[in-house]
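J.: Here is a sequence with its predicted model. Questions after.
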Amino acid sequence: MRAVGGTEGYAEDAARLVRAYESVSFADLHGDLLPMLPPPPARAVDIGAGSGRDAAALARMGHAVTAVEPVARLREWARRAHGGLGIVWVDDALPELGSVRGTFDLVLLSAVWMHLDEGERAAGMARVAALTAPGGTVVLTLRHGPVPEGRRMFQVPAEEVIGTAAAHGLRAVQVRRTADLGRRPGVCWTRLVLRR
């Protein structure tokens, strides 16, 4: 099994993570974003799809969804749990995403970016921008707070993301701090909405 930076601990903890991810609905996590999302049918890619919760919700809305997940245990569970929705499942990871082709009207990176080191974030933003169609939307969340044992995470300021995105033709249209729905002590999130 290949090692993908930032995925440390996820395969070993997949069963617990799936329960945690699936216990929070797409509507609870992203419901206020709905007016900012492209109308269906749009091409959407969920990068770091985890249990497939968000990919499945987008597919149910009528979007054509590609779900990218490098952790085989998570991807296999998601494929079984959310089968029949027409989701295309891809084994790949940032910053390369070499298996992901075309452009998308919506690029979702929920709880992914903080796993990338500085060099990976620079290369990753170039790739995210290349995947974003003209007029497309990128939704990216940043985790702030203590790093769980055995995980690789970096404290990434929103200003860094905004600057790097702007250099690749993506402008910030919303920056919002949100609480952690998992109620983990000291954890909060910043959600950025970017447009091409």
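T.: Arrived safely, thanks for sending.
J.: Which is the succeeding secondary structure element to the longest helix seen in the chain?
T.: Identified as the longest helix of the chain according to DSSP state H is helix 118-131. Downstream of helix 118-131, the next assigned helix or strand under DSSP states H and E is strand 132-144.
J.: Let me see the ranges of the strands in this structure.
T.: 43-47, 64-68, 88-90, 104-109, 132-144, 171-179, 188-195 (DSSP state E).
J.: Packed most tightly, which of the ones you listed would that be?
T.: strand 43-47 (a mean of 27; mean count of other CB atoms under 10 Å). Glycine gets a C-beta too; all of them are placed from N, C-alpha and C.
J.: What sits closest to the residue positioned nearest the centre of the chain if chain neighbours are left out?
T.: Nearest residue to the geometric centre of the chain (CA atoms, centre = their mean): residue 109, 2.0 Å. What sits nearest to residue 109 in space, not counting adjacent residues and going by CB to CB, 6 or more residues apart in numbering, is residue 140, at 4.5 Å.
J.: what is the one you found paired to in the beta sheet?
T.: With DSSP bridges as the criterion, residue 140 is bridged to residue 109, residue 192.
J.: Could you verify my assumption that it touches residue 161?
T.: Yes. Contact criterion CB atoms under 8 Å: residue 140 and residue 161 qualify, at 6.5 Å.
J.: Quick one: residues contacting the residue nearest to residue 109.
T.: Residues in contact with residue 140 (CB atoms under 8 Å, 6 or more residues apart in numbering) are 109, 112-113, 128, 161, 191-192, 194.
J.: Hmm, residue 121 is touching residue 165, no?
T.: No. At 10.5 Å, residue 121 and residue 165 do not qualify as touching, with contact defined as CB under 8 Å.
J.: Just put the strands of the chain in JSON lines and tack on mean pLDDT and distance to residue 20.
T.: Below are those laid out as JSON lines (pLDDT from 0 to 100; distance: least, CB to CB, whole Å):
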{"stretch": "strand 43-47", "mean pLDDT": "98", "distance to residue 20": "17"}
{"stretch": "strand 64-68", "mean pLDDT": "98", "distance to residue 20": "18"}
{"stretch": "strand 88-90", "mean pLDDT": "97", "distance to residue 20": "20"}
{"stretch": "strand 104-109", "mean pLDDT": "98", "distance to residue 20": "18"}
{"stretch": "strand 132-144", "mean pLDDT": "97", "distance to residue 20": "13"}
{"stretch": "strand 171-179", "mean pLDDT": "95", "distance to residue 20": "15"}
{"stretch": "strand 188-195", "mean pLDDT": "97", "distance to residue 20": "15"}
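J.: would a markdown table of the ones you listed with distance to residue 74 be doable?
T.: Shown next, in a markdown table, are the strands of the chain (distance: least, CB to CB, whole Å):
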| stretch | distance to residue 74 |
| --- | --- |
| strand 43-47 | 12 |
| strand 64-68 | 10 |
| strand 88-90 | 10 |
| strand 104-109 | 15 |
| strand 132-144 | 17 |
| strand 171-179 | 23 |
| strand 188-195 | 20 |
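J.: among those, which is nearest residue 28?
T.: strand 171-179 (10.9 Å; CB to CB).
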